[in-house]
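J.: dropping a prediction and its sequence here:
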Amino acid sequence: MLDRANLSPTIRGMYIGGEWVPAARTFEDLNPSDNTVWARIPDGTSADVQRAIDAAQAAFPAWANLPFHIRARHLHNIADVWEKRAPDFVNAVVAEGGGWQGKGMFEAGYVSEVFRSAAALCYQNIGEVLPSEHGKFMTATRWPLGVVSVISPWNMPGILTSRGFAAALAAGNTIVLKPSEDTPYTGGLYFAEILEEAGIPKGVFNVITCSRESVSDVGDEMIENPRVKAVSFTGSTAVGRHIAAKAGAHLKKACVELGGKDSLIVLEDADLDAAAQAANFGAFMHQGQVCMSTEKLLLHENIYDDFMARFLPRVAKLKTGHTNDKDNVIGPLVNNRQALRVKALIDDAVAKGAHVDIGGNAWDNFVEPTVLSNVNPSMNIWHDETFGPVLIVSSFSTDEEAIQLNNDTEYGLTAAVWTRDEQRAMDIAARLETGICHINCQNINDEPHVPFGGVKASGLGRYGGRWSLDAFTELRWITLDRGGRHFPPVF
């Protein structure tokens, strides 16, 4: 529980089988704004994961066989408790994750809708009746898998954790969750508190936390344990490849939502003021630590100077600093490793000829909003996901060139196109190698009921709405013969 006096949590242990279980050791959970110790978190082991999987497996039959409307009520109860405690989440995620206050408030408001949307899945069609040449009654129906492992990220620990398991829970699966070691409370133990208060049956939902040093052993157990039937992961492409490969080796389902190198394309007839505001939000919201962040700004050469004259003053107004000051829209990156990596990408680009239009400075865990022009594919930042408050800008002369610049990446998550010509935008969107495209908006968009996911190195599968059921159910063909199936007399 969060102590509202000093905004630090009381950590009761990991959550296994409906009980709070202490670990033999703990690790430090730091506030990235000043690197002070915010909490001490249980450092779980593979043995702890095994106990959690045992508990989830034992709880599965009863949970899967609950009437669908009862599971829906449970999910609505989770949403109700979440809404009641939303201020606690905002305070915690700002301190633990380094997010701006406004980002925390948005995230807190969104999560309850994830559970309400999942509750609606309980009422959806779960199969079809098929014709049979032998007069059978034939169905293709969806069934829960069993235990689902969920590995969630640190950048949006509320939204991306809830999205990782809500639909799986609605479908009748049980859950073992491992949050990021950078947000183990807001991405994990806080959810355990919420679901416990909401009255979710023991063993249906379990949380294992661990340090960075323990991730390999804990993660392997969550993927390779034979009782785990599917893996839900949101995070980096490098880790996602590893997880998907391990799951594939065991013929398990894996839904993985990974990185992006997302472009915002501004055509010569666009509303430049609106596009400039959208680009500012898309590039720098939450320090650019969003898989959907605008990382490439592609401008038609005829409006390049006019757009930049409108855009850069907006960037200049964004204040960077400790999240204790609510005027600081740009907080710290989640840890010093991330800050050093982002600064190294800036330095590499500048060394190879990039121009710093604004920003470029870094200290401690902070990187100020930075815009780089004169970039080219020889620079690491052209290809690598930055995941920081850095935007690269390039110009184009034709729609074909803009499409090529967008597609020149291994990633394929989101894109955005700005123009007053809607048909032109739709034609461009059809040729962009992304799972998502937004016309006359920025890249960071999500709603609980939409099919969210990417192509290429941005992931496999889709989260959201009925599309989540593909990842978290098994499709079974079941027939009922009514005497119409005949066999050769010899048999």
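T.: Okay, I see it. Numbers count the residues shown, from 1 in each chain.
J.: quick one: residues contacting Ala171.
T.: Leu121, Arg142, Pro144, Ser468, Leu469, Phe472, Thr473 (Cβ atoms under 8 Å, 6 or more residues apart in numbering). In short, each C-beta sits where N, CA and C put it, glycine included.
J.: now, which of the residues you listed sits nearest His242?
T.: Phe472 (21.0 Å; Cβ to Cβ).
J.: which residues touch that closest one?
T.: Pro144, Leu145, Val148, Ala167, Ala168, Ala171, Asn173, Ala230, Ser232, Lys253, Cys255.
J.: I'd like the residues you listed as a markdown table, with distance to Glu96 and secondary structure appended.
T.: Output for these, formatted as a markdown table (distance: Cβ to Cβ, whole Å; DSSP: H, G, I helix; E, B strand; the rest coil):
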| residue | distance to Glu96 | secondary structure |
| --- | --- | --- |
| Pro144 | 32 | strand |
| Leu145 | 31 | coil |
| Val148 | 25 | strand |
| Ala167 | 25 | helix |
| Ala168 | 25 | helix |
| Ala171 | 30 | coil |
| Asn173 | 28 | coil |
| Ala230 | 28 | strand |
| Ser232 | 22 | strand |
| Lys253 | 31 | strand |
| Cys255 | 25 | strand |
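J.: distance of the spatially closest residue to Ser214 that is not a sequence neighbour relative to Pro448?
T.: The shortest distance from Ser214 to any non-neighbouring residue, by Cβ to Cβ, 6 or more residues apart in numbering, is to Asp43 (5.7 Å). In this view, Asp43 and Pro448 are 33 Å apart by Cβ to Cβ, to the nearest Å.
J.: those two: which has the busier surroundings?
T.: Taking neighbours as other Cβ atoms under 10 Å, Asp43 and Pro448 compare with Pro448 leading, 24 against 21.
J.: where does the more buried one sit: helix, strand or coil?
T.: coil (DSSP: H, G, I helix; E, B strand; the rest coil).
J.: quick one: pLDDT of it?
T.: At Pro448, the model reports a pLDDT of 95.
J.: what of Met1?
T.: pLDDT at Met1 comes out at 72.
J.: what does the one 5 residues further on give?
T.: Asn6 is assigned a predicted lDDT (pLDDT) of 57.
J.: care to break the protein down by domain?
T.: Domain assignment of the chain by automatic domain parsing yields the ranges 2-258+454-477, 262-439.
J.: thinking again about what came up before, phi first, then psi, for the residue nearest to Ser214.
T.: phi -100, psi 90 (degrees, to the nearest 10).
J.: got it, and Ala402?
T.: Note on Ala402: backbone dihedrals following degrees, to the nearest 10 are phi -60, psi -40.
J.: who's the closest spatial neighbour of it, skipping the chain neighbours?
T.: Phe396 is the one closest to Ala402 (Cβ to Cβ, 6+ apart), at 4.4 Å.
J.: start and end of stretch 13-22, how far apart?
T.: For stretch 13-22, the first-to-last residue distance is 4 Å (Cα to Cα, to the nearest Å).
J.: let me fix that, I meant to ask about stretch 15-27.
T.: Start-to-end, stretch 15-27 (Cα to Cα) is 17 Å.
J.: please renumber so the chain begins at 417
T.: Sure, I'll start numbering at 417, so the last one becomes stretch 431-443.
J.: surely Ala692 is in a strand?
T.: No. Counting by three-state DSSP, one finds Ala692 to be helix, located in no strand.
J.: surely it touches Asp722?
T.: No. Counting by Cβ atoms under 8 Å, Ala692 stays clear of Asp722, with 9.8 Å between them.
J.: so the two - more neighbours on which side?
T.: Ranked by neighbour count (other Cβ under 10 Å), Ala692 and Asp722 place Ala692 first, with 24 against 13.
J.: burial count for Ala732?
T.: Neighbours of Ala732 (other Cβ under 10 Å): 12.
J.: which residue is the nearest non-sequential neighbour of it?
T.: That would be Ile774: by Cβ to Cβ, 6+ apart, it lies 6.2 Å from Ala732.
J.: and if you look at Asn790?
T.: Nearest to Asn790 is His771, by Cβ to Cβ, 6+ apart, at 4.6 Å.
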